[in-house]
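Trainee: Next comes the sequence, and after it the predicted model I'd like to discuss.
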Amino acid sequence: MAARCRCFQTREDLTEFLELQGLSPERARTAASQIFPWFVFLEKVPEDLACALLEDIQRGGGRGLVLPGERGLEGGSASVFLAGSPESLLSLAKGCVWVEPGDASLPRAASGFASLLQSLTQSTPAPIVCRGKRMDFSVRPLLMGVLNVTPDSFSDGGRFVRCEKAVERAFQMIEEGADILDLGGASSRPGSDPVADEVQKQRVLPVIREIRKTWDGWISVDTCSSDVARAAIDTGADILNDISAGRMDAAMKEVAAEKGVPVVLMHMKGTPKTMQSDPTYASLFRELLDYFEERIRVWTEAGVSRDRILIDPGIGFGKTSLDNLQILKHLEEFKVFGRPVVLGTSRKSFIGAVLHKDVQERLIGTLATVAIAAWNGAHVVRVHDVAETREVLAMVHAIRQSESSSAGDGGGNRSQVDRGQRRAPSRTSGGNH
């Protein structure tokens, strides 16, 4: 007998392994769906319902555990940990009668359970299509290149504040493989003050205008101002990246709904001025999940399509170094929403705290976080060093695909974004393409 110990992170991993052992693709998929375990954790569930869920999952061949919860609900509440096959959990969700319509006593029990199971059946979120462009998350994380058109960014402040320098850097990142350019005219470093709308527009709009002369790829504008957002979209930007998720300017939602563009909603505790004063959480992931549930609801009620929302846990924005490491380690927590996850770790202070490195010496640490983020399910990584990050993503992709027939395709880097959106044409060509 030869014993082996294999660990499978996804059902697809198990399916590929079973195919290599001789099962047909159809039998391998069926077997994997029956034996690959799913894990679900429900909080704030009435005790009687928690016990009923536990009994139901055990009857279906699964296992579970009821844990003590809060005493806020009549009869007390509990948390429930459930483990079972996809079939047993899906059957459990369909058979449950949760609460009467309008009853707000279970903030995430019914909707969270259902959406989690639905998201687990999908390996990746559906592509986002807008303005003739397509964001496909099915192969590897997309690369969002950071371009700070500011004099005071924590990492590269002042380097690209002049329009010509910013445009030059933008085309360099495109050549290095950026899928998205993220332009910001206001620093959001810890302790920073707000920047006037007119100043942001003076910094960002000329750069967008110049890039758009010869490149039709994705451009994101990093702003919390609806006035700046509207002007940037009218000039040629495609994506709104709001670190406050609309809390600093409620009109951001209306701009996104009117223009029909994708939005990145980030979690931040406080404001850039105050966020690192004393960031504490009773429960880090509970607060993050509650926040995104509420923000997604508010934005969709304002008319923004859910399938155009991306979420960002906000590494470094009101988080301790330990919080940031925990988010990276447990990134799968955010699968419950079924939306693409954006992650920005590039050169941030928690890397410096771990490695004792200054901001310009954090490339290796950044690349380590990118590899972990890609492995754990990030869909977009926001970085300063595009070329180096692209090589890391190609290696992570090759490792992931090492048991499949698609391995060795050079990282699968060309299938996600149209080739015409990948490379910058000659800037002397004089026209769009």
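Mentor: Nice, thanks for sending it over. Since this is a predicted model, take the numbers as computed values, not measurements.

Trainee: how about the strands in the stretch 101-250 of the chain?
Mentor: Per DSSP state E, counting those that start in this stretch, the stretch 101-250 of the chain carries strands over the ranges 128-130, 133-135, 142-148, 180-184, 218-222, 239-242.

Trainee: got the domain boundaries for this protein?
Mentor: 11-120, 128-422 (automatic domain parsing).

Trainee: can I get those domains in TSV with mean neighbour count and distance to Arg4?
Mentor: Any C-beta I mention is one placed from the backbone N, CA and C, and that applies to glycine too. Below are the domains of the chain laid out as TSV (neighbours: other Cβ atoms under 10 Å; distance: least, Cβ to Cβ, whole Å):
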stretch	mean neighbour count	distance to Arg4
domain 11-120	16	10
domain 128-422	19	14
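
Trainee: Ok, which of the strands of the stretch 101-250 of the chain comes nearest His397?
Mentor: Nearest of these to His397, taken as Cβ to Cβ: strand 142-148 at 12.3 Å.

Trainee: between that closest one and strand 218-222, how big is the angle?
Mentor: Per axes from the mean of the first three to the mean of the last three Cα atoms, to 10 degrees, the angle that strand 142-148 makes with strand 218-222 is 50 degrees.

Trainee: With mean pLDDT and distance to Asp48 as added columns, please give the strands of the stretch 101-250 of the chain in CSV.
Mentor: As requested, those are exported to CSV (pLDDT from 0 to 100; distance: least, Cβ to Cβ, whole Å):
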stretch, mean pLDDT, distance to Asp48
strand 128-130, 94, 41
strand 133-135, 95, 44
strand 142-148, 96, 45
strand 180-184, 96, 48
strand 218-222, 97, 47
strand 239-242, 98, 41
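
Trainee: Turn the ones you listed into CSV, columns for distance to Ser402.
Mentor: Below are the strands of the stretch 101-250 of the chain laid out as CSV (distance: least, Cβ to Cβ, whole Å):
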stretch, distance to Ser402
strand 128-130, 28
strand 133-135, 26
strand 142-148, 22
strand 180-184, 28
strand 218-222, 30
strand 239-242, 33
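
Trainee: which one of these lies closest to Ile351?
Mentor: Of the strands of the stretch 101-250 of the chain, nearest to Ile351 by Cβ to Cβ is strand 142-148, at 14.8 Å.

Trainee: Show me what that closest one packs onto, helices and strands only.
Mentor: helix 163-176, strand 180-184, strand 380-383, helix 386-400 (3 or more Cβ pairs under 8 Å, 6 or more residues apart in numbering; DSSP states H and E).

Trainee: between those, which gets nearest to Thr280?
Mentor: Closest approach to Thr280 among the helices and strands packed on strand 142-148 (Cβ to Cβ): strand 380-383, 25.4 Å.

Trainee: Show the average pLDDT along the closest one.
Mentor: Mean per-residue pLDDT for strand 380-383: 98.

Trainee: Skipping adjacent residues, who's closest to Gly76 in space?
Mentor: Nearest residue to Gly76 in three dimensions, chain neighbours excluded: Glu47, at 4.8 Å (Cβ to Cβ, 6 or more residues apart in numbering).
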